[in-house]
Every structure is written in C-alpha cells, then in structure tokens.
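K.L.:
coords please:
(one chain, ligands or ions: 1)
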Amino acid sequence: MYSKTFLSLLLFAFTVWCAGAQNSKKTDQKIQTLHTISSNEILEYATELSSPKYKGRLSGSPEFQDVANWCAGKFEEWGVKPANNGSYFQYFKNEFSEVNSLGAVIYFNGKEKTYLDFPEDYLPGSNSANGKVEAELVYVGYGISAPELDYDDYKNIDVKGKIIILEPGIPYTKNDTILAKWTPYAYHRYKFRNAVKHGAAGMIYASKIANPNTVHLDGFIYAHVDTKVVDQIFSDAGKDYKEVLKQLRNGEVPSFSLPAKQKIFIKAETKYFPDAQACNVVGIIEGTDPELKNEVIIIGGHLDGQGQMGDVVFPGALDNASGIADILAAAKALASSQVKPKRTVLFILFGGEECGLYGSKLYCEQPLFPIEKTTMMINLDMVGNGTGFFVEGGKSHAQLFTHFEAANSNYIHREMESSASRKNYGRPRSDASIFESAGIKTFGLWTRGSVFPVYYHHPMDKTNVLTPEIMEDAAKLLYLGVLGVANDESL
Ligand SMILES: [Zn+2]
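P.N.:
Next up is the predicted model:
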C-alpha cells in the first residue's frame, strides 16, 4: 500500500506538471501568433497609408477621413470592435488650409532677383493666407513680447507693412532654470499672432519644415525658408547671421530693419476651411477577465501628416505611417491571438497631432475609459527606420517595462535603451506627453540607429526610407509586451 504522503506528493507533482504543460502550451500559442506578424504585410500597410490618394493625411481634410475609414475597415475585418458607442471614430473640430500650389518666394537684393527653389530653399506655409505680398524686411529674432520677463523682440523697431524674418524657439538657456515661464511663448501660433498684432504684412520663418501646427490669420502671408537664405540676406546687408544668432541665444535682443533696397516677394495659393473636423480612430479588444477587463491598456500613434502642397505629397512614411502600420499589425495579432488579454486593449490612431496634438488632448478630456483605470499607454511615433529601440518612460515605470524587456530579450534581441519620462522642452511635442501629463503611465517608443536618412516633414519621407525588419520587430514587441502587461495579475 502507498502511504498518504506519497499519494499527495504524487498529486502535487501532477498538478505542477499540468500547470507547466499549460504554461508551455500558452507559450507555444503565443509563438504561433508571433510568427504571423510579417514585415511584408507591415510594409503593405505603410505603403497604403503613404499613398498619394490620401494626399499626405492632413488632419481635417476629406482624405484624412478616407484613410481613417481604411484603418477602421481593417479593425472591423480583424474583429477589433468600435470603441466609441458603436463607432470607430471620435470627432473634433479641426480647421485646416489646402495649399493649392507651391506659390513662390523671390528675394531681391537691390540688384538682382533670386527665385527660391522648392523644397531646397523654401516650403509654402501650411496655414498661410491666400495672396501676394512684397515688402522690405525686418529681423525680429524669436518674435516674443513678454513684458513680465522684461523681454521684447519688437522693442524700438517698426514692422508695420513689412515682412518679418522670424526664428523658432525661445530665449531659454541651460542656465535659466525656469523653463515654464517661457512656455506660453514657445508656440508658433503665439508668434504669428504677435507678428500680426505689431502690423507685419508677411513673414519668412527661418525653420524649413512643413508645419500645420500654426494658425491661419486673415491676410497674413508667409513661407518657411532654409537658414541659408537668411544667411544670404544678412551677408548682403553686411551682417553676420551666426553672430546675431549667438546674441539671440544669449538672451539679447538683436532685432533690426534690413536696408530698404532688400525685398522679399511671397505668393501663396491656399484655401482656408475654418469649420472642418477630424477624428481619432478607436478600436477595442475587450479583456477576458471579469474584473481586469475594466482596466485598459492604450496603444496609440498619430495617423495624420503634413498633407500636400500643390502636386507635391508629403507621404509621411516614417512620420508616422510606420507607427500606424506597426500598431495595425499588433492589433491583428492581438485580435487573433489564442492567448487572450485579460485586460482590455484600446487602439487610438490620433488625428490632429501635427496641428497641435488635438486628438490626444480630446481623448484625455473625454476618455472612453476612466483615467484611473488606464494601466498604461504606449505611443509609437517614427518607428520604422533603424536597428534598435528606444523607450521613453521605461525607467519611470519599471514594473510595466519588464514585460517589454522580457519580450525583447526572449524573442526579438534588438538593442533597447530606455529613459525616464522626460519633461518637454518648451511645449508638449508628442501625444505621449499629453497622456503622461493626464496622469497615465506612458511609454514613447521609437526606433534608433537610422539605416536611411531621416527626412523630417519633407516630401522625401517616402516608404523607401523604411526598414521593414525593425517594423516587424516593433509589432512583435507591442504584441508580446502588451499581452504581458494585460495578463499580469500582480499589477
Ligand atoms: Zn510624428
């Protein structure tokens, strides 16, 4: 006869074996799903999103709604459910302007005219008024009037009827510990309004990136120019641009009028749509645990881009078709996964990011799940060109991050660095920062070690600068990491 002790030992061993078998079955199932994530498919998504038919996915435009519909169609196909009371969309107001031609920027130095080249020397202003302007020039540095900080770039100069030359940024230095006081002056919108308030007729912005994150102001015509254009204008006036920039960065105010013979001509052909709207695309995979399904993990990234200027599309392949393609692949994998998430997973493809983070702000003001029930948010922006990963927030939210670290070290084997959540420089610049400020634990994921040149907000940001292998691995990291967090009962 066997003793009771021996029998219970045997039973215990059997139970352990069963649990082990169960676990390894789960692991096998997870790996099966993992292998369905393919770089070819992800590149197809990115190619669709970057297609000229969506005209660069400008938030507010009809083509943005078209691409939002395409993404919602994919969610539906895979069984990712609508997250907003039966709808895949969460709408908000989003004014925008169509840029109908490349327009023109001509510089006259007093002797000869120079026609600036697109996109080497200039880009049209995304929110410029329609029309033409020709005038003398005034350099206004950062274009800030902050009486309480005893700072005014417009002090002792007259810009009425003139075209101003404006710099991006704020007079904040590493020695100045109080960044927050300059924050209200860091916004392009503030700078544009301040210019119009002082009577400027037009502007060339010494920041050559396409940028819908500005504002349409009646009659205010502007273009972005390369700093080499400003350098030329300065040297024709006998000024040293580098010296002036040095003064500016020291907190001095170097504003001055340029000689009257030097002129700029700007032509802009735009149409303004003040009452347009855009949306976030929201899809959900409901958790399987009766309790934990009330908690949500958000996977987000911005769907919108810089639009189209004349016939030139800004495809926004890296920024951010890459992130959306990764999210779609992870959504498909999570939806078909035999290992189900116990917590709920919410996908948000943001609109209005390029216009000023409209979509993420809207979500945090009108969340679909309570903020306090939101376990974490991971944001993907420019995740498609490189050899490794970088995770902002990994060091701040270490317990959550272990799931992503384990996914990487067990299955993906990429270099993965992380940092603590970082304070934004001057103004919030990413959807992740909006969620982090709302009190949600947030990771910002992007790729590192560029294989191809990065063409930021530029017509050359095409799918040929994407590395499909890292996109596949990013989708795998999302699938495994999110599943790990979703099923971690110790959280
Ligand atoms: Zn972006």
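K.L.:
make it CA atoms for all contacts and neighbour counts henceforth
P.N.:
Will do.
K.L.:
Verify the contact between Tyr456 and Ile209 for me.
P.N.:
Yes: counting by C-alpha atoms under 8 Å, Ile209 is a contact partner of Tyr456 at 7.3 Å.
K.L.:
Those two: who's more crowded?
P.N.:
For Tyr456 versus Ile209, the count of surrounding residues by other C-alpha atoms under 10 Å is larger for Ile209: 20 against 17.
K.L.:
Can you name the residues that contact the more buried one?
P.N.:
123, 224, 456-458 (C-alpha atoms under 8 Å, 6 or more residues apart in numbering).
K.L.:
And those residues, which two are furthest apart?
P.N.:
His224 and Tyr456 (14.2 Å; C-alpha to C-alpha).
K.L.:
which residues in the chain form helices?
P.N.:
4-34, 39-49, 62-78, 188-197, 227-236, 241-249, 323-336, 353-356, 358-365, 398-407, 431-437, 468-486 (DSSP state H).
K.L.:
Ala321 contacts Leu49, correct?
P.N.:
Yes: the criterion here is C-alpha under 8 Å, and Ala321 meets it with Leu49 at 5.8 Å.
K.L.:
So between the two, which is more surrounded?
P.N.:
Set Ala321 next to Leu49 and count neighbours by other C-alpha under 10 Å: Ala321 wins out with 34 against 29.
K.L.:
now that one, nearest residue through space, not along the chain?
P.N.:
Once flanking residues are discounted, Ala321 sits nearest to Ala46: 5.2 Å by C-alpha to C-alpha, 6 or more residues apart in numbering.
K.L.:
residue contacts, the one you found?
P.N.:
Ala46 neighbours (C-alpha under 8 Å, 6+ apart): 317, 321-322, 324-325, 463.
K.L.:
Run through the strands of the stretch 301-450 of the chain in chain order.
P.N.:
308-309, 312-313, 344-350, 374-380, 388-392, 415-419, 442-448 (DSSP state E, counting those that start in this stretch).
K.L.:
Out of the ones you listed, which one sits most buried?
P.N.:
strand 344-350 (a mean of 26; mean count of other C-alpha atoms under 10 Å).
K.L.:
can you list contacts of it?
P.N.:
83, 279-288, 292-304, 324, 327, 331, 359-360, 486.
K.L.:
now stretch 95-106, how far from the chain's geometric center?
P.N.:
22 Å (C-alpha atoms, centre = their mean, to the nearest Å).
K.L.:
can I have it written out in PDB, keeping just the CAs?
P.N.:
Extracted in PDB, the C-alpha atoms of stretch 95-106 (Å, rounded to 0.1, in the frame of the first residue of the first chain):
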ATOM      1  CA  GLU A  95      -9.700  73.800 -39.100                       C
ATOM      2  CA  PHE A  96      -7.100  73.500 -41.900                       C
ATOM      3  CA  SER A  97      -5.900  75.000 -45.200                       C
ATOM      4  CA  GLU A  98      -5.300  73.500 -48.600                       C
ATOM      5  CA  VAL A  99      -2.100  74.600 -50.200                       C
ATOM      6  CA  ASN A 100      -3.100  74.500 -53.900                       C
ATOM      7  CA  SER A 101       0.300  75.400 -55.500                       C
ATOM      8  CA  LEU A 102       3.900  75.800 -54.400                       C
ATOM      9  CA  GLY A 103       3.400  79.500 -54.800                       C
ATOM     10  CA  ALA A 104       6.700  81.500 -55.000                       C
ATOM     11  CA  VAL A 105       9.300  83.200 -52.800                       C
ATOM     12  CA  ILE A 106      11.500  85.700 -54.600                       C
END
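K.L.:
Contacts for it, please.
P.N.:
59-61, 113-116, 118, 122-124, 126-128, 212, 216, 223, 264-277, 308-311.
K.L.:
for the closest residue to Lys26 other than its chain neighbours, what are its contacts?
P.N.:
Nearest residue to Lys26, sequence neighbours excluded (C-alpha to C-alpha, 6+ apart): Val339, at 6.4 Å. For Val339, the contact set (C-alpha under 8 Å, 6+ apart) comprises 26, 29-30.
K.L.:
Please pick the buried ones from those.
P.N.:
Lys30 (16 or more other C-alpha atoms under 10 Å).
K.L.:
Relative to Lys53, how far out is Lys271?
P.N.:
Between Lys271 and Lys53 the computed distance is 19 Å (C-alpha to C-alpha, to the nearest Å).
K.L.:
Please apply the same query to Gln399.
P.N.:
43 Å.
K.L.:
thinking again about what came up before, among the contacts of Ile209, who's most crowded?
P.N.:
Leu123 (28 neighbours).
K.L.:
So what sits opposite the residue lying closest to it once chain neighbours are set aside in the bridge?
P.N.:
Excluding the flanking residues, the one nearest Leu123 by C-alpha to C-alpha, 6+ apart is His224, at 5.1 Å. As for beta bridges, His224 partners with Leu123, Tyr205 under DSSP bridges.
K.L.:
List the contacts of the closest residue to Ala278 other than its chain neighbours.
P.N.:
Among residues not flanking Ala278 along the chain, Gly60 sits closest, at 4.6 Å (C-alpha to C-alpha, 6+ apart). By C-alpha under 8 Å, 6+ apart, the contact set of Gly60 is 93-96, 276-278, 352.
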